[in-house]
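**Student:** Predicted model, plus sequence, below.
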Amino acid sequence: MAEAVANRAGEKKAAGASGRVFKLEDTRNIGIMAHIDAGKTTSTERILFYTGVTYKIGSVDEGTATMDWMEQERERGITITSAATTASWDRFGKKYRVNIIDTPGHVDFTVEVERSLRVLDGAVCVFDSVAGVQPQSETVWRQADKYRVPRICFVNKMDRMGADFDHVIRTIKQRLGARPVPLQFPLGREDNFIGIIDFLEQKVVVWLEETLGAKFEIFEVEKLWDKAFVDSRPDVAAALKGAAIDKKFYEEHRNKVIEYIAEHDDELVDKYLNGETLTLEEMRKSIRKSTLALKIVPVLAGSAFKNKGIQPLLDAVVDYLPSPIDVPPVEGTNPDNDETELRRAADSEPFSALAFKIMSDPFVGHVTYIRVYSGVLKSGSYVYNPAKRSRERISRLLQMHANKREEIDEVYAGDICACVGLKSVNTGDTLCDEQKQIILETIDFPAPVISVAIEPKTKADQDKLGVAMQRLAQEDPTFRVSTEPDTGQTLISGMGELHLEIIVDRMLREYNVQANVGRPQVAYRETIRKKAEAEGKYIKQTGGRGQYGHCEIILHPLPSATHENMHEMSTDELDALAKEIVGGPGGKWRFDKDHRFLFIDKIVGGSIPREFIAPIEAGIREALDSGILAGFPMVDVAVVLVDGSYHDVDSSEMAFKIAGSMAFKEACHKAKPVLLEPIMKVEVVVPEEYMPAVFGDLNARRSAIQGTENRAGSNVIRVEVPLSQMFGYATDLRSRTQGRATFTMHFSHYAEVPAALAEEIVKKIRGEK
């Protein structure tokens, strides 16, 4: 431990000097991600302890975790905001820097995972050894797939009652469609879990409890089959019995693992098939190559709470996860000519970085977290924001350790740091060298699914409320503020009840704003179910110059109207969809991700001049914001602009914008408009005796049963339920099961509201009886 402290001090001293401390290839940018309560923060606390960043182990339960620094996190025992820190780790006598982001596991804060994975090179996915893959595990896994992030798995809580390593491997295969490769096998389970068997090195690692896991004993696996040794070690005997391991089991499993490693590597497979022995170095190199190519996922085991398995996890992070130079060069667009450019991870390249998180710090003000992709940034220098066309000065650069700050002079390619002094930067903005501009791909955020009305308690709170909401919306892209046009009420929207509860709590504590909050409202959407044609003609004759705009459109429902996957459709897929809609090639198209709206321009022969096409599209986009049924935003529509006419003198952009809006609204009336509601995936874990009561209650909530399974003595019910039926479910479930059942819920897709219910909702919104 003293050695780690000395190393850390030496590092800081070196960091003070100019120049790079760690080579690019010796840097790892990783995220810790998982379902809520799988042990992410506990694992991160152990990593910080064993790398010498902290000198005592923080506890989530006691509210002393370094990474859970917000008051709300410490009170609730959950992670709400992603926290970044930096550690270093010795491997084979060489020092590596590991930048870590600990992400939340609760679905309401999924934006934190999304933006972290966008800028990270690798990830550690933590699984509960009893539950295996849970709903939020699937969500974060899909997010990692989207950004093609290589990952390793850590099966945590092997000391828990009902721990089952094989069950977790099976669920990773079945529910995530991944190819897990267990590089270790737990020695013991539940109370007698003492260490791990390393299949590659053929060694056993047993942690010494009295050293808080800082020290461990390593011996050859052959000793496990030596009766004299096992008899002299009651802990090892109990662990072998608990895990039901013998020599045959070990050899069978090890051979399977080596075969699987060779199978995914063309260089090794011949050697393996010829019966040659693979060296340890060859296997490590092969696992690294296959992990980076997303062919396999190495799996390790341990118990973070009992301080077991963390050191091999850090070794695996260094051995198998990518450095910034292992990932492909970052792609961006040159704003001057719209051409694609690549930036390699190198200090010699022009500076480029992505702002992925914004935070208000009470001591230093506005803090912007950035990931540097190329070049070097010095404190006091200027950066350019091509999206806002603004030049800003970096007043300070900070290395963050959760909410603690360490001032630094410069950052290099591959680093993650925080900047002070950026005023107009938003999440997802690019920062670059003004002489070598580039715009990197921004971050997509899910739309909010729940809204509540909010109003200040006193006149004095009125102005403070506006400032607080503006700052919180800047920090959190999934938190939106809007005004209800009919009632004038201020609405705040977010990803769930807990999300909005935390926002209101933060307003009170951080900004001293007292506010009253209304009942939650569901974020409904509207769409259409059939094709329709319409024309919009806006003619206004006044004393002087008149107004003339005329367009004809065909409105189509999009084929994937019930799913959110259109956010992830590639340009080629959208091009094929546009051709399918117009019945062949022809027509320029543009796609709006927010409304999942496809606009296809099929004007030929100049019946509408080019300069009036964009205003027609703008008019339709405006009309999309308030649908014709109940004023909810419209989604999943395609508009084909087919014809129109213009007047040499009277036509104007405004006239065509109004004509586009009129045509769209008229077409919607003919196209069988329907109401859509958010559907949530819900997983309820309930003891056998309460199954009938829970099933009955879910049926009354218009749920669709997806399946049930038995897991570690409890029953798991998977259902899809409309969000409108789930308010207050936590209290209902507790009262029906004497507090013994738990549930998790995350957004799945939008689906059509039953006709009778839709009519009721529309009447209520319109204020009809």
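**Tutor:** Here it is on my side, so go on.

**Student:** I'd like the next helix or strand past the host helix or strand of residue 89.
**Tutor:** Using DSSP states H and E, the secondary-structure element containing residue 89 is strand 83-91. Note on strand 83-91: by DSSP H and E, the next helix or strand toward the C-terminus is strand 94-102.

**Student:** Partner strands of that next one and their direction?
**Tutor:** strand 27-34 (parallel), strand 83-91 (antiparallel) (DSSP bridges).

**Student:** Okay, buried residues for that strand please.
**Tutor:** The neighbour-count check on strand 94-102 (16 or more other C-beta atoms under 10 Å) flags 96, 97, 98, 99, 100, 101, 102 as buried. C-betas here are computed from N, CA, C, even on glycine.

**Student:** Report the beta-bridge partner residues of the fifth one.
**Tutor:** The residues listed as beta-bridge partners of residue 100 by DSSP bridges are residue 30, residue 85.

**Student:** any idea how far it is from residue 122?
**Tutor:** To residue 122, residue 100 is 11 Å away according to C-beta to C-beta, to the nearest Å.

**Student:** can I assume residue 343 is in contact with residue 438?
**Tutor:** Yes - with contact defined as C-beta atoms under 8 Å, residue 343 and residue 438 form a contacting pair (6.5 Å).

**Student:** Name the residues contacting each of the two.
**Tutor:** Common neighbours of residue 343 and residue 438, using C-beta atoms under 8 Å, 6 or more residues apart in numbering, are 332, 350, 352.

**Student:** Hmm, residue 434 and the last one touching each other?
**Tutor:** So that's residue 352. No - contact criterion C-beta under 8 Å: residue 352 and residue 434 do not qualify, at 11.7 Å.

**Student:** Which one's more surrounded, those two?
**Tutor:** When residue 352 and residue 434 are compared on other C-beta atoms under 10 Å, the one with more neighbours turns out to be residue 352, at 26 against 13.

**Student:** show me what contacts that one?
**Tutor:** For residue 352, the contacting residues are 330, 332, 343, 372-375, 430-433, 438, 440, taking C-beta under 8 Å, 6+ apart as the criterion.

**Student:** and what of residue 185?
**Tutor:** Contact analysis of residue 185 by C-beta under 8 Å, 6+ apart lists 165, 196, 197, 199, 243, 245, 250, 253, 301.

**Student:** do that again at 6 Å, thanks
**Tutor:** Applying C-beta atoms under 6 Å, 6 or more residues apart in numbering, we find residue 185 in contact with residue 197.

**Student:** Quick check: bridge partners of it?
**Tutor:** Applying DSSP bridges to residue 185, the residues it is bridged with are residue 197.

**Student:** how far away is it from residue 257?
**Tutor:** Applying C-beta to C-beta, the value for residue 185 to residue 257 is 9 Å.

**Student:** Spit out the residues that contact residue 100 and residue 122 alike.
**Tutor:** residue 30.

**Student:** three-state assignment of the residue most central in space within the chain?
**Tutor:** Centre of the chain computed as the mean C-alpha position; nearest residue by C-alpha atoms, centre = their mean is residue 114, 2.5 Å away. Each residue gets one of three states, and residue 114 gets helix by DSSP: H, G, I helix; E, B strand; the rest coil.

**Student:** quick one: contacts for it?
**Tutor:** With contacts defined as C-beta under 6 Å, 6+ apart, the neighbours of residue 114 are residue 143.

**Student:** let's see 7 Å
**Tutor:** With contacts defined as C-beta atoms under 7 Å, 6 or more residues apart in numbering, residue 114 is in contact with 143, 443, 445.

**Student:** now residue 550
**Tutor:** Taking C-beta under 7 Å, 6+ apart as the criterion, residue 550 is in contact with 535, 537, 644, 645, 659.

**Student:** how much space between it and residue 539?
**Tutor:** Note on residue 550: its distance to residue 539, by C-beta to C-beta, is 8 Å.

**Student:** go on, residue 704?
**Tutor:** 50 Å.

**Student:** How about residue 108?
**Tutor:** Taking C-beta to C-beta as the criterion, residue 108 is separated from residue 539 by 50 Å.

**Student:** that older thread, mind putting the contacts of residue 114 into TSV with secondary structure, neighbour count and pLDDT?
**Tutor:** Formatted as TSV, the entries for the contacts of residue 114 read as follows, by DSSP: H, G, I helix; E, B strand; the rest coil; neighbours: other C-beta atoms under 10 Å; pLDDT from 0 to 100:
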residue	secondary structure	neighbour count	pLDDT
143	helix	21	82
443	coil	21	81
445	coil	19	78
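
**Student:** Setting aside sequence neighbours, what's the nearest residue to residue 575?
**Tutor:** Distances taken as C-beta to C-beta, 6 or more residues apart in numbering place residue 589 nearest to residue 575, at 7.4 Å, with adjacent residues excluded.

**Student:** Confirm that that neighbour sits in a strand.
**Tutor:** Yes - membership of residue 589 in a strand is supported by three-state DSSP.

**Student:** Now for residue 136: which residues touch it?
**Tutor:** Contacts here follow C-beta under 7 Å, 6+ apart; on that basis residue 136 touches 35, 36, 105, 107, 744, 746.

**Student:** give me that answer again for 10 Å
**Tutor:** Residue 136 makes contact with 33-38, 104-107, 110, 113, 681, 683, 744-746, according to C-beta atoms under 10 Å, 6 or more residues apart in numbering.

**Student:** Burial check on residue 258, number of neighbours?
**Tutor:** Counted with other C-beta under 10 Å, the neighbours of residue 258 add up to 19.

**Student:** An error on my part: the question was meant for residue 253.
**Tutor:** The number of residues packed around residue 253, counting by other C-beta under 10 Å, is 16.

**Student:** Please identify which helix or strand holds it.
**Tutor:** Assigned by DSSP H and E, residue 253 belongs to helix 247-263.

**Student:** In that helix, which residues are buried?
**Tutor:** By neighbour count with 16+ other C-beta under 10 Å, helix 247-263 contains the buried residues 250, 253, 254, 257, 258, 260, 261, 262, 263.

**Student:** Residue 719 touches residue 744, doesn't it?
**Tutor:** No - in terms of C-beta atoms under 10 Å, residue 719 does not count as a neighbour of residue 744; the distance is 11.6 Å.

**Student:** hey, what's in contact with both of those two?
**Tutor:** A shared contact of residue 719 and residue 744, defined by C-beta under 10 Å, 6+ apart, is any residue touching both; here these are 680, 681, 682, 683, 684.

**Student:** following the lengthiest strand in the chain, which helix or strand comes up?
**Tutor:** As assigned by DSSP state E, the longest strand anywhere in the chain is strand 673-686. Next along the chain after strand 673-686, taking DSSP H and E as the criterion, comes helix 691-700.

**Student:** Quick one: mean pLDDT over that next one.
**Tutor:** Helix 691-700 shows a mean pLDDT of 88 in the predicted model.

**Student:** Residues touching the helix or strand that that helix is followed by, excluding its own?
**Tutor:** Beyond helix 691-700 in the direction of the C-terminus, DSSP H and E gives the next helix or strand as strand 704-711. The set of residues that contact strand 704-711 without belonging to it, under C-beta under 10 Å, 6+ apart, is 130-132, 134, 162, 164, 167, 171, 679, 681-686, 688, 691, 695, 698-699, 715-722, 748, 751.

**Student:** sec struct for the residue lying closest to residue 688 once chain neighbours are set aside, please.
**Tutor:** Nearest non-adjacent residue to residue 688, counting by C-beta to C-beta, 6+ apart: residue 715, 5.9 Å away. Three-state assignment for residue 715 (three-state DSSP): strand.

**Student:** Would you check that residue 715 makes contact with residue 692?
**Tutor:** No - with contact defined as C-beta under 10 Å, residue 715 does not count as touching residue 692 (11.0 Å).

**Student:** tell me the contacts of residue 331?
**Tutor:** Counting by C-beta under 10 Å, 6+ apart, residue 331 makes contact with 340, 341, 342, 343, 438, 440, 441.

**Student:** Roughly how far does it sit from residue 211?
**Tutor:** Noted for residue 331: a distance of 47 Å to residue 211, by C-beta to C-beta.

**Student:** circling back: identify the contacts common to residue 550 and residue 539.
**Tutor:** With C-beta under 10 Å, 6+ apart, residue 550 and residue 539 have common neighbours 647, 655, 659.

**Student:** Alright, that wraps it up for me.
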